[in-house]
Structure formats: C-alpha cells, structure tokens
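> Build me a model:
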Amino acid sequence: MKLSIRTAAYTLLPALTASAALMTLGGPAQAVEMCGQYDRATVGAYTVQNNAWNQQGEQCVSPTGSGFELTKAEGEVPTNGAPKSYPSIFNGCHYTACSPGTKLPARISSISSAPTSVSYGYTADGIYNASYDIWLDPEPKTDGVSQVEIMIWANKVGPIQPIGSDTGTTVTIAGTAWQVWEGSNGQNRVISFVAPSARADLSFDVKEFVAHANSRGFGDSSWYLTSVQAGFEPWKGGAGLKVNSFSSEVNTG
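Numbers count the residues shown, from 1 in each chain. Next comes the predicted model:
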C-alpha cells in the first residue's frame, strides 16, 4: 500500500508550535521528560522535539547528552496512513525554532561538506521507522514547511512504506545501496532512501543525498538546506526507541 499524505501534520503545526514549551539543558544529561505535544529542548548545539503532530495518546521524550529516548508512546494509527509523530533531534530551523548557533539555512552551492552521524537504539515494541529528515527550500526558510523533504530510512518495523512509489532504482551512498521512492504529501515533495536492512549506525555527508535528490529534480544547488533531523516515525507504540547520539555539521566556503 502507498502511504497516504500527511497534510494534517503540516496544517496543525504552525498554529501550535508557538505554545510549545522550550527547555535548555546544560552540562551532563539530565532526566527531563517532555510530554507536551510540541515540547522542545535545547541540548548542546541541537534541539530535541516531541513533535506528536498526529497524537493518538500521550507521547513523552527524555533528552539526553546528545540524543533522546521515547519514554511513552501511546496509541496507534493505520499503517496505510500517516504516522503518529516524529520525535527527533535537529540542526537547523524547524517551523519557528532554530537550533543554537546553527549555520542553516545555507545555500547548497556554498556548502563544502555537511557530515552527520547517528546511533539508534531499537525496540521490538511497535511499528515504526528510524529516519533522517533533510529539508530543502528555494528560500532561506526559517519557518513553515520547506518544499522538498529527503527521508533516509535506516530501519522499518512492520507493514509500512514511504510516501509515493518505488522508482525501481537503487543508489549507493555511504556504502549502502538505498531503494529510492518518490512522491508528495500534498504540501511538499518527498524523496526517500530505504536501507535494505536495519542500520543501527549511520555516518555520511548530507550533500551526497542532496546531490542525488537534485539530480532527480528535487531542487537544485541554488536552493537552501534548512534542517537536518534524526528520529522516528511510530505508527504503533515505540516506547524505548532511542537516538543514542547525533551530530551534524555544516561547512561552508
């Protein structure tokens, strides 16, 4: 089945993010649990967000030194539709929130490299994916929805698949042969790269995925990279999922 559009997610967020709680964590990891639908926390150079945009029950995340844990994930939604949420950690700007000291948005042609890495912790409970969201826009956008979403599926558990359809092609980036999907959720175009098997750790240059997306007509080098995010899309359950660590750099010049 094809995943239905996620329009509801993006029509709800602009009205609600203004009321999100924002916390700042300094020093060692602290046991702070965020259960507000759009709660965010600054963790070092990055921002952790609960982002329960299609909430079906209470969802909570606990930020850590360089990641987070999904500590509560109630409810479920049909697997042929949109997920419940996207709890994640990001570098850049997401709606009205920008991570501290970020160099994003940055014009793609000005970026010499954008190394990133993540270590995921999985659970047998639930139906979910583990994915990066990389956002591109023709303008240096710091709020609202960017026009192109690049998704990198490191893992999927259960009968789910990306938005759109399988192109029938694979591309090898960072030593992995990714299955490429293309589609639209009604507000932005989506290109997804799906790993052939679960990956617990990823390390790559964002520019490699951006260049391939550009070659398929998803923006071009005059566009802007607006954010790099790593997290999970749960359709059912998901408590215990972790981003053990996350890093994202943007080098320009």
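> after the helix or strand hosting residue 119, next one along is what?
Assessed by DSSP states H and E, residue 119 sits inside strand 115-121. Using DSSP H and E, the helix or strand that follows strand 115-121 in sequence is strand 127-137.
> What helices and strands are in contact with that following strand?
Strand 127-137 is packed against strand 88-94, strand 115-121, strand 148-157, helix 206-215, strand 224-236, with contacts defined by 3 or more CB pairs under 8 Å, 6 or more residues apart in numbering; DSSP states H and E. In short, each C-beta sits where N, CA and C put it, glycine included.
> Neighbouring strands of the third one in the sheet, and parallel or not?
Okay, so that is strand 148-157. When pairing is defined by DSSP bridges, strand 148-157 lines up against strand 127-137 (antiparallel), strand 189-194 (parallel).
> Repeat that for the second one.
Sheet neighbours of strand 115-121, with direction, are listed as strand 201-205 (antiparallel), strand 242-248 (antiparallel) (DSSP bridges).
> Looking at these, which is nearest to residue 218?
Closest to residue 218 of those is strand 201-205 (CB to CB; 17.1 Å).
> I'd like the average pLDDT over the closest one.
Averaged over strand 201-205, pLDDT sits at 98.
> Also stretch 163-179?
Mean pLDDT, computed over stretch 163-179, is 97.
> Can you give me every residue that contacts the residue nearest to residue 189 when sequence neighbours are not counted?
Sequence neighbours aside, residue 148 is the residue nearest to residue 189 in space, at 5.3 Å (criterion: CB to CB, 6 or more residues apart in numbering). The contact partners of residue 148, taken as CB atoms under 8 Å, 6 or more residues apart in numbering, are 135-137, 188-191, 213, 218-219, 223.
> Need those in a markdown table (columns: distance to residue 56, neighbour count and pLDDT).
Formatted as a markdown table, those follow (distance: CB to CB, whole Å; neighbours: other CB atoms under 10 Å; pLDDT from 0 to 100):
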| residue | distance to residue 56 | neighbour count | pLDDT |
| --- | --- | --- | --- |
| 135 | 25 | 24 | 98 |
| 136 | 30 | 26 | 98 |
| 137 | 30 | 21 | 98 |
| 188 | 23 | 18 | 96 |
| 189 | 27 | 20 | 98 |
| 190 | 22 | 23 | 98 |
| 191 | 27 | 27 | 98 |
| 213 | 31 | 24 | 98 |
| 218 | 31 | 20 | 98 |
| 219 | 33 | 22 | 98 |
| 223 | 34 | 24 | 98 |
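> Save the residues you listed as TSV, and put in distance to residue 88 too.
Shown next, in TSV, are the contacts of residue 148 (distance: CB to CB, whole Å):
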residue	distance to residue 88
135	12
136	17
137	18
188	17
189	20
190	16
191	18
213	19
218	21
219	21
223	22
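> Taking the residues you listed together, which two end up most distant?
Going by CB to CB, the pair spanning the contacts of residue 148 furthest: 190 and 223, at 15.2 Å.
> Out of the strands paired with strand 115-121, which is closest to residue 84?
Ranking the strands paired with strand 115-121 by distance to residue 84, with CB to CB as the measure, places strand 242-248 first at 17.0 Å.
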